[in-house]
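Visitor: Below is the sequence, then the predicted model.
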Amino acid sequence: MSALIEVNNLCKAFGDKQALNNVSFDVNKGQTVALVGPNGAGKTTLFSILCGYLVPSSGSVNIMGKQLGDPALFGQLSALPQDATLDPRFSLQKQLNFYGRLQGLSKQKASMETSRVLELVGLADNHHAKIAELSHGMKKRVCIAQALIGSPKIVLLDEATAGLDPLNAREIRHVIASLSEDITFILSSHDLAELEKLCDHVLYLNQGQLTRHNRDTKQGTSQYLTLTLIHDSRDTLEQIKQLSGVLHVSQSQNKEYIIEYQSHFEQFDIHLLKYCHKLNWQYRQLVNGHTLENQLFQKDK
Ligand SMILES: Nc1ncnc2c1ncn2[C@@H]1O[C@H](COP(=O)(O)OP(=O)(O)OP(=O)(O)O)[C@@H](O)[C@H]1O
């Protein structure tokens, strides 16, 4: 099966500034992909190229087997830009109908799409509300609804939950998760815990260069557990290393240990907990795998 998105040796320069440097990756159907990186890493530049807002300096982008800009891609890929704004004077219905019409939908089809996408984002009862009357979270949902008009196959969301309270952010995540079987999402966010919940693949950009990470915690012959203790000592790390089956241990934060162990070791978690009991250690948390934050930023691995 060919990839839904194929990016090869993509470069983008703004004058002397190399915003993207030889970036290559594939995205397959059904994947939910996180695009992560520090400020200025090139995330928005990459999104803008995928959407066709910017032309690359060199390299190729192939989406669903088509070159960027191919009319056959119209309506297949949509985006929520980071700073998307809506017209405050419009009602939700008018605003979304307008976007539907811009996509070339008939008046009737645009109206049906408006109802469908408002339902998807939980705003079915707000057709006639004015944008100006909406809360920040509701506006964000309208922006996401806009990105879903016409049932695109690929949706790029730049900071979809930024600035939202925890409940609204959770609801937006729920919307994304519920649609992710039919839509391939690429999500850019600084919230690693959020991406961890939603994404199975991670693209990490740093100074225009890309590294890829698989969220699958099983990596060949080894697996990971993250153990957080209530108390530890200077010897704890060495003591964990003594446990049979352990391949490598690193300390990610105060009292938090990332333990790599042999994947064929049966019930290693029980084995580890028995060891904690034997040494009279109390644990706060034992998590299968290692967090995205540790995966990206842990130097000692
Ligand atoms: N139009 C432009 N002209 C000149 N330089 C630009 C332009 N757009 C982006 N850049 C530069 O390219 C680099 C990548 O910027 P980009 O906006 O893609 O980063 P980002 O990862 O989206 O950052 P953030 O997380 O802060 O939104 C930065 O150094 C930025 O200053």
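Guide: Everything's here; your move. Treat the numbers as computed from the prediction; the structure is a model and nothing was measured. Numbers count the residues shown, from 1 in each chain.

Visitor: Pull the residues that contact the helix or strand hosting Arg116.
Guide: If you go by DSSP states H and E, Arg116 is part of helix 107-120. With contact meaning C-beta atoms under 8 Å, 6 or more residues apart in numbering, helix 107-120 is reached by 92-93, 96-97, 100-101, 103, 105, 124, 126-127, 145-146, 148-150, 175, 179. For the C-beta atoms, the positions are set from N, CA and C on the backbone; glycine is no exception.

Visitor: show me the contacts for the most centrally placed residue in the chain.
Guide: Central residue of the chain (C-alpha atoms, centre = their mean): Ala34, 2.7 Å from the mean position. Applying C-beta under 8 Å, 6+ apart, we find Ala34 in contact with 186-189, 195, 198-199, 201-203, 292.

Visitor: Let me know the closest of those to Ala79.
Guide: For Ala79, the nearest member of the contacts of Ala34 is Ile186. The distance, counting by C-beta to C-beta, is 9.0 Å.

Visitor: and the closest one, what are its phi and psi?
Guide: Ile186 has phi and psi values of phi -120, psi 120 when expressed as degrees, to the nearest 10.

Visitor: Tell me the confidence at it?
Guide: If you check Ile186, the pLDDT there is 94.

Visitor: And Leu229, how far from the ligand?
Guide: Distance of Leu229 to the ligand, given as C-beta to the nearest ligand atom, to the nearest Å: 34 Å.

Visitor: For the residue of the stretch 101-250 of the chain at minimum distance from the ligand, grab the count of nearby residues.
Guide: Of all residues in the stretch 101-250 of the chain, the one sitting closest to the ligand is Leu205 (6.4 Å; C-beta to the nearest ligand atom). For Leu205, the neighbour count with other C-beta atoms under 10 Å is 23.

Visitor: Could you list the domains of this structure?
Guide: 5-76+152-214, 88-141, 222-297 (automatic domain parsing).

Visitor: residues in this structure within reach of the ligand, list them.
Guide: 14, 17, 19, 37, 39-45 (C-beta under 6 Å from any ligand atom).

Visitor: Of those residues, select the buried ones using a PyMOL command.
Guide: Of these, the buried ones go into a single PyMOL selection, burial set by 16 or more other C-beta atoms under 10 Å:
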select buried, resi 19+37+41+42+43+44+45
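
Visitor: In contact with the residue lying closest to Leu210 once chain neighbours are set aside, which residues?
Guide: Nearest-residue entry for Leu210: Val23, 4.7 Å, with adjacent residues in sequence omitted and distances by C-beta to C-beta, 6 or more residues apart in numbering. For Val23, the contacting residues are 7, 9-11, 42, 46, 59, 205, 208-210, by C-beta under 8 Å, 6+ apart.

Visitor: For the residue in the stretch 51-200 of the chain that the ligand sits nearest to, give me the pLDDT.
Guide: Residue of the stretch 51-200 of the chain nearest the ligand, by C-beta to the nearest ligand atom: Gln82 (6.5 Å). In this prediction, Gln82 carries a pLDDT score of 76.

Visitor: Low-confidence bits of the stretch 201-301 of the chain, can you list those?
Guide: Flagging of the stretch 201-301 of the chain using pLDDT under 70 yields the residue ranges 212-220, 297-301.

Visitor: which residues in it form strands?
Guide: Secondary structure of the stretch 201-301 of the chain (DSSP state E, counting those that start in this stretch): strands at 201-206, 209-214, 222-229, 246-253, 256-262, 283-288.

Visitor: Quick one: closest of the ones you listed to Leu164.
Guide: Proximity to Leu164 (C-beta to C-beta) singles out strand 201-206 among the strands of the stretch 201-301 of the chain, at 21.8 Å.

Visitor: Could you name the helices and strands sitting against that closest one?
Guide: The contact analysis (3 or more C-beta pairs under 8 Å, 6 or more residues apart in numbering; DSSP states H and E) places strand 201-206 against strand 17-27, strand 32-36, strand 209-214, helix 292-297.

Visitor: Over to Gly69. Which of the three states is it?
Guide: Following DSSP: H, G, I helix; E, B strand; the rest coil, Gly69 is assigned to coil.

Visitor: quick revisit: now, of the helices and strands packed on strand 201-206, which is deepest in the fold?
Guide: Comparing the helices and strands packed on strand 201-206 by mean neighbour count (mean count of other C-beta atoms under 10 Å), strand 32-36 ranks first with a mean of 24.

Visitor: tell me the angle the helix or strand following it makes with strand 201-206.
Guide: Counting by DSSP H and E, the element after strand 32-36 in chain order, helix or strand, is helix 43-51. Per axes from the mean of the first three to the mean of the last three C-alpha atoms, to 10 degrees, the angle that helix 43-51 makes with strand 201-206 is 120 degrees.
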